[in-house]
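>>> Below are the sequence and a predicted model for it; my questions follow.
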Amino acid sequence: MVITTLLFDMDSTLVDIDEIHFSKTYFKLLHECHFSDFDLGYFCDSLTEITRSVMLSKLPKEFTLDTFVREMSKKYKRKQKHLFKDLLHFYNNDYDTLNPYVRPMEGVKKMLEHCFNEGYVVVVATTPVFPEVAIRKRLKWGGLEDFDFKLVTHAGNMHFSKPREEYYQEVLEKIGGKLNECIMVGNEYMSDIVAPTRMGMKTFYCPLPTVNDDLFVSPELKRFSKIRPTYRGTINDFAKLIADGLSK
């Protein structure tokens, strides 16, 4: 079947991000701006717990942003409307402090230009736990704000998140795509490869150079040891695959 649709993860796939320093600064900044009445360690641990819970939740009638704020409201004993206001202010203003940790990924802009010129449907399939403004800013910092993506997933337009299969099904429904005409490209094995592969979608795994080649060192990954991506390489290898005619 001809490939017509390309789904790309964003962080460390389409944009170059210093994930360790980005995350540390993000937690510290959000804490200082709106949650300084809590211990920093507690805030980091609890927000991480909430994020994981949202990523695994299965609430088809609730956007992940609503789920996130509802869980934060319970954890931090604040009204949801106040949390929405605080978070919106943070992402529109203070979030810009994180700009230095996000840069253009070498070769990606040229690769995307080729994809659009060839008529592919292109989706930014990033984990939808951030509101749209945060996702759009990272795309801008990565030099990709001018592309007319068919869909950019975020916490305000998705009911499910990676690594759930429902996330990918929702993406397909939103774009009117067919499973066997899509390929998912990403650097995170659990989030980007397992679910779409199990569904029957083609996948391209492009891990960071620092990732151990043994995908299954962690005990929790052992049960997925038979799930392998269709392709594996760097994002530049994917660009070559596209240039050589992936859909032919």
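In hand now; what should we look at?

>>> Okay, strands next: where are they in the chain?
For the chain, strands defined by DSSP state E occupy the ranges 5-8, 15-17, 102-104, 121-124, 151-152, 182-186, 202-205, 231-232.

>>> Make JSON lines out of these and add mean neighbour count.
Yep, even glycine has a C-beta here, placed from its N, CA and C like the rest. Output for the strands of the chain, formatted as JSON lines (neighbours: other C-beta atoms under 10 Å):
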{"stretch": "strand 5-8", "mean neighbour count": "26"}
{"stretch": "strand 15-17", "mean neighbour count": "20"}
{"stretch": "strand 102-104", "mean neighbour count": "17"}
{"stretch": "strand 121-124", "mean neighbour count": "21"}
{"stretch": "strand 151-152", "mean neighbour count": "18"}
{"stretch": "strand 182-186", "mean neighbour count": "26"}
{"stretch": "strand 202-205", "mean neighbour count": "23"}
{"stretch": "strand 231-232", "mean neighbour count": "16"}
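
>>> want to throw those strands into a markdown table with mean pLDDT and distance to Ile193?
A markdown table is the format used below for the strands of the chain (pLDDT from 0 to 100; distance: least, C-beta to C-beta, whole Å):
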| stretch | mean pLDDT | distance to Ile193 |
| --- | --- | --- |
| strand 5-8 | 98 | 12 |
| strand 15-17 | 97 | 19 |
| strand 102-104 | 98 | 23 |
| strand 121-124 | 98 | 16 |
| strand 151-152 | 98 | 20 |
| strand 182-186 | 97 | 7 |
| strand 202-205 | 96 | 5 |
| strand 231-232 | 94 | 9 |
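
>>> Which of the ones you listed sits closest to Ile175?
Across these, Ile175 has its closest neighbour in strand 151-152 (5.4 Å, C-beta to C-beta).

>>> Centre of the chain to the closest one, how far?
Counting by C-alpha atoms, centre = their mean, to the nearest Å, strand 151-152 is centred 11 Å from the centre of its parent chain.

>>> next one: stretch 55-70
16 Å.

>>> now do stretch 75-82
Taking C-alpha atoms, centre = their mean, one finds stretch 75-82 lying 26 Å from the centre of the chain it belongs to.

>>> which sections of this structure are below the confidence cut-off?
1, 210-225, 247-248 (pLDDT under 70).

>>> Mind doing that once more with 80?
1, 209-226, 245-248 (pLDDT under 80).

>>> Nearest spatial neighbour of the residue nearest the centre of it, chain-adjacent residues omitted?
The centre of the chain sits closest to Thr126, judged by C-alpha atoms, centre = their mean, with a distance of 2.2 Å. Residue nearest to Thr126 in three dimensions, not counting chain neighbours: Met10, with 3.8 Å by C-beta to C-beta, 6 or more residues apart in numbering.
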